[in-house]
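Peer 1: Sequence and predicted structure below; questions after.
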Amino acid sequence: MTLLPETVRQLDTLVARAQSTGRVPSLTLGVVRDGTLAHLAAAGEHPRPDADLQYRLGSISKTMTATLVMQQRDAGRLCLDDPVEQYLPGTPVGALTLRQLLGHVGGLQREPDGQWWERVEGVDLATLLDGLTPDKIAYPPLRGYHYSNLAYGLLGGVLERLTGTPWAQLLRQRILTPLDMLRTSYDATEPYARGYVVHPWHDTLREEPRTDTGAMAPAGQLWSTVADLGRWAAFLADPDPQVLAPQTLTEMCAPVVISDLDSWTGGHGLGLELYREGERVYVGHGGSMPGYVAALAVHRPTRTAVVGFANAYGMRSGHIGGLARQLLTLVLDAEPAPVTPWRPAVAPPPAELAELTGRWWWMGIEFEVRVDTAGELWAGPPGEPTLRFTPEGPDRWRGRSGGQDGEILAVLRDRAGRAVALDIATFVLTRTPDQQP
């Protein structure tokens, strides 16, 4: 799906300006629509970016670690409310749950002890665990948001102990290969952009080390490309059920905690960051490692995303995450998703469904019930029935949207078998406003 020339011009201008004012050697952002890379906006010559050039993902790696955890949960091998102690016995922070670690609400210290783990060679899992002490809980659990890289090192350890498979191998088997993300790797693989710190006064470059972070790898080790990260963004917008159930990904996108209590513009789900931009909510994550920053922002309802990288440790002005969301908003405003055309039904619904359609009343308030071509019921105010129900058995329907999500709609019949009322979680709708439930 291609973008309009004016949209492309604006995207390219914003990225060129950000590279120049941000003073980064190279900057690249890709727009993904309907599962494909629709446009690549790139600037800088050191090196010249393209869709196959590797950069470091940093903490975007956490979104994949979280997906691996949710796969194991769906397979019945763990529960999110299991304590860490169950998988890493003897750990002094073992009372924290997997859910708390995923959502950054366990209060766990942000970083492991010792030197800055992102810039030195990492240690193995046993050494990481040996360095834990009870005072690693730096913030009272469940009191609020406290971001923790250490939490994802522990989640990687849980996965390894549970499956008997190293995190990197599990990632390759369960995510990267099935999604054809063949240019996403544990170590840098040519061609890749070298990462730098830009000197603040004379703009020279200092190349940063490319470390193997060991047991902390699940928090930020990975390397990827715009093309591959675009595939990951497409998966987050519309997941392959063979990799993760769509309802599980929706669960991951539900807020565990609001991370910005002043304006409520940011939150965190199960491994995914949440960003409010106007009336839209984007999901994704930011990333940084010495010499690199990265961004991932996805608007799931329209299957549109922006992914991006720069090979400098930060931008002199602006922020790559904010830039990605700015570009995403630009695309959605300039080129709304196509409206699905209405098509008439081929045949009327079966009599038992047709009988349920039309006007219903509750406490003097009118409701409309209609049936769609998929055989699902929709209920709500006249002209805008937004509550969806799917069949679950004779005269039994399960809510799949809004405030009735998960609730049961039961059809109540008289002795003659006629539908006379709809019981939606004890709220009974009748055929006339005078009728008593």
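Peer 2: That came through fine.
Peer 1: biggest helix in the protein by residues?
Peer 2: helix 5-22 (DSSP state H).
Peer 1: Show the subsequent helix or strand relative to that helix.
Peer 2: strand 26-33 (DSSP states H and E).
Peer 1: Quick one: mean pLDDT for that following strand?
Peer 2: Mean pLDDT, computed over strand 26-33, is 98.
Peer 1: packing partners for it?
Peer 2: When contacts are defined as 3 or more CB pairs under 8 Å, 6 or more residues apart in numbering; DSSP states H and E, strand 26-33 packs onto helix 5-22, strand 36-44, helix 226-237, strand 304-310, helix 320-334. Glycine gets a C-beta too; all of them are placed from N, C-alpha and C.
Peer 1: Tell me which strands the second one pairs with, and in which orientation.
Peer 2: Strand 36-44 has the following strand partners under DSSP bridges: strand 26-33 (antiparallel).
Peer 1: for the stretch 151-300 of the chain, which spans come out with low pLDDT?
Peer 2: For the stretch 151-300 of the chain, no stretch is flagged by pLDDT under 70.
Peer 1: And the strands in it?
Peer 2: 196-198, 205-207, 223-224, 257-258, 266-268, 273-277, 280-289, 292-299 (DSSP state E, counting those that start in this stretch).
Peer 1: so can I have a markdown table of the ones you listed showing distance to Leu102?
Peer 2: Below are the strands of the stretch 151-300 of the chain laid out as a markdown table (distance: least, CB to CB, whole Å):
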| stretch | distance to Leu102 |
| --- | --- |
| strand 196-198 | 31 |
| strand 205-207 | 34 |
| strand 223-224 | 21 |
| strand 257-258 | 11 |
| strand 266-268 | 9 |
| strand 273-277 | 12 |
| strand 280-289 | 12 |
| strand 292-299 | 17 |
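Peer 1: Would you mind putting those strands into TSV with mean neighbour count and distance to Leu332 alongside?
Peer 2: Formatted as TSV, these follow (neighbours: other CB atoms under 10 Å; distance: least, CB to CB, whole Å):
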stretch	mean neighbour count	distance to Leu332
strand 196-198	19	32
strand 205-207	13	35
strand 223-224	26	24
strand 257-258	18	23
strand 266-268	20	19
strand 273-277	20	9
strand 280-289	22	7
strand 292-299	27	6
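Peer 1: closest to Leu129 out of the ones you listed?
Peer 2: Nearest to Leu129 among those is strand 280-289 (22.9 Å), distances taken as CB to CB.
Peer 1: Restricting the selection to alpha carbons, write the closest one to CSV.
Peer 2: The C-alpha coordinates for strand 280-289 follow below in CSV (Å, rounded to 0.1, in the frame of the first residue of the first chain):
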residue,chain,number,x,y,z
ARG,A,280,-5.9,7.6,19.6
VAL,A,281,-3.9,5.0,21.7
TYR,A,282,-0.7,3.6,20.2
VAL,A,283,1.1,0.5,21.5
GLY,A,284,4.8,-0.2,21.2
HIS,A,285,8.1,0.4,23.0
GLY,A,286,11.1,2.6,22.9
GLY,A,287,14.7,1.3,22.8
SER,A,288,18.2,2.4,23.5
MET,A,289,21.6,0.9,23.9
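Peer 1: which outside residues touch it?
Peer 2: Outside strand 280-289, the residues within contact range by CB atoms under 8 Å, 6 or more residues apart in numbering are 56-63, 118, 195, 220, 233, 236, 253, 269, 272-276, 293-300, 305, 313-314, 320-321, 324-325, 328-329, 332.
Peer 1: Note down every partner strand of that strand and its orientation.
Peer 2: strand 273-277 (antiparallel), strand 292-299 (antiparallel).
Peer 1: now it against helix 320-334, angle please.
Peer 2: Compare the direction of strand 280-289 with that of helix 320-334 by axes from the mean of the first three to the mean of the last three CA atoms, to 10 degrees and you get 150 degrees.
Peer 1: and strand 280-289 with strand 304-310, angle?
Peer 2: Using the same axes, to 10 degrees: strand 280-289 against strand 304-310 is 20 degrees.
Peer 1: Test my guess that Gly402 contacts Pro385.
Peer 2: No: counting by CB atoms under 8 Å, Gly402 sits too far from Pro385 to count as a contact (10.5 Å).
Peer 1: Same drill for the two, tell me which one is more crowded.
Peer 2: Comparing Gly402 with Pro385 by other CB atoms under 10 Å, the one with more neighbours is Pro385, at 17 against 12.
Peer 1: give me phi/psi at that one?
Peer 2: Backbone torsions of Pro385, given as degrees, to the nearest 10, read phi -70, psi 110.
Peer 1: That one and Val371 touch, don't they?
Peer 2: No: using CB under 8 Å, Pro385 makes no contact with Val371, being 10.2 Å away.
Peer 1: what's next to the longest helix of the chain, contact-wise?
Peer 2: Contacts of helix 5-22 (CB under 8 Å, 6+ apart): 3, 26-29, 31, 39, 41-44, 310, 312, 315-318, 320, 323, 326-327, 330-331, 334-335.
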